[in-house]
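Participant: Predicted structure and sequence below. I'll ask about it afterward.
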Amino acid sequence: MSRYTGPKNKKARRIGKDLELTTSSQKLLRRLGIPPGQHGRRGRRRISDYGKQLLEKQRVKWTYGVQERQFRRYFQNALKKKGQTGEELLRTLERRLDNVVYRLALTPTRNMARQLVSHGHVRVDGKKVSIPSYATKPGNVISLSDKALKIPQTEALAKEKKPDIPAWLSRKAAVGKIERLPVREDMDADINEQYIVEVYSR
């Protein structure tokens, strides 16, 4: 399946929640309760429990920018681990290099972080990594190329002295470090990962 390239906030309106896909959140918030399409203003129809589970899966996939095949593979790997399957799935998604760059507050969106990685502007322990899904680990040091730091958005964010980043990461200037693996408290509390487990358990 090809990657969705249409209006990003259309996805958020379908789910009914901000997926942090764009920086135009104010405009989105005014329309978040209205589903996309010509009949959107009629409101949302009541959906079944299974429908809610599917929507939650879609929401998480869209949030992290992951396609179905890769998402399913992440889930299968999470099943093999000792911890809670849903939490292990989210931990895998959080450790993606593109997500880490975003979580380090070096880009305003995950999409921009993904582009920087794909174009070879991200370094892991000083070495260029151009794979957005690269699984980072504790101890990794993340930095951006000089060219990337000249982009106005990243330049401004890199200059912030007290960036808002999760506790499992640290950042000094434009250089970040993975201090430990993320735990559930570090991740989006609004995600119902059990819904995703139930979808794949059918």
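Facilitator: Arrived safely. Computed from a predicted structure; not experimentally measured.

Participant: Give me the buried positions along stretch 163-181.
Facilitator: 165, 166, 168, 169, 171, 174, 176, 178 (16 or more other C-beta atoms under 10 Å). Quick note: C-beta positions are derived from backbone N, CA and C, even for glycine.

Participant: can you name the two of the residues you listed that are farthest apart?
Facilitator: The span of the buried residues of stretch 163-181, defined through C-beta to C-beta, is set by 168 and 174 at 18.6 Å.

Participant: domains of this structure?
Facilitator: 8-84, 96-181 (automatic domain parsing).

Participant: Kindly reformat the ones you listed as TSV containing distance to residue 189 and mean pLDDT.
Facilitator: Compiled in TSV, the domains of the chain are given as follows (distance: least, C-beta to C-beta, whole Å; pLDDT from 0 to 100):
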stretch	distance to residue 189	mean pLDDT
domain 8-84	12	77
domain 96-181	12	97
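
Participant: Would you mind finding the most buried of these?
Facilitator: Per-stretch averages of neighbours, counted by mean count of other C-beta atoms under 10 Å, single out domain 96-181 among the domains of the chain, with a mean of 17.

Participant: what about it, how long is it end to end?
Facilitator: 12 Å (C-alpha to C-alpha, to the nearest Å).

Participant: and what of stretch 59-71?
Facilitator: Termini of stretch 59-71 sit 12 Å apart (C-alpha to C-alpha).

Participant: quick one on the thing from earlier: so which of the domains of the chain is nearest residue 190?
Facilitator: Here domain 8-84 is closest among those (C-beta to C-beta), at 7.2 Å.

Participant: Contact partners for the residue most central in space within the chain?
Facilitator: With distances taken as C-alpha atoms, centre = their mean, residue 64 lies nearest the centre of the chain, 3.2 Å away. Contacts of residue 64 were listed using C-beta atoms under 8 Å, 6 or more residues apart in numbering, and they are 93, 96, 99, 110.

Participant: Same question for residue 60.
Facilitator: Residue 60 neighbours (C-beta under 8 Å, 6+ apart): 71, 90, 93, 191, 193, 196.

Participant: Can you pull the phi and psi angles for residue 175?
Facilitator: phi -120, psi 130 (degrees, to the nearest 10).

Participant: make that residue 82, sorry
Facilitator: phi -70, psi -30.

Participant: which residues in this structure form strands?
Facilitator: Secondary structure of the chain (DSSP state E): strands at 122-124, 127-128, 141-144, 169-172, 175-178.

Participant: out of those strands, nearest to residue 105?
Facilitator: Short answer: strand 169-172, nearest of the strands of the chain by C-beta to C-beta, at 7.2 Å.

Participant: export the closest one as CSV, just CAs?
Facilitator: C-alpha atoms of strand 169-172 as CSV (Å, rounded to 0.1, in the frame of the first residue of the first chain):
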residue,chain,number,x,y,z
LEU,A,169,15.7,11.4,26.5
SER,A,170,18.1,14.2,27.2
ARG,A,171,19.3,17.1,25.0
LYS,A,172,22.1,19.7,25.2
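
Participant: helices or strands up against that strand?
Facilitator: On a contact count with 3 or more C-beta pairs under 8 Å, 6 or more residues apart in numbering; DSSP states H and E, strand 169-172 meets strand 175-178.
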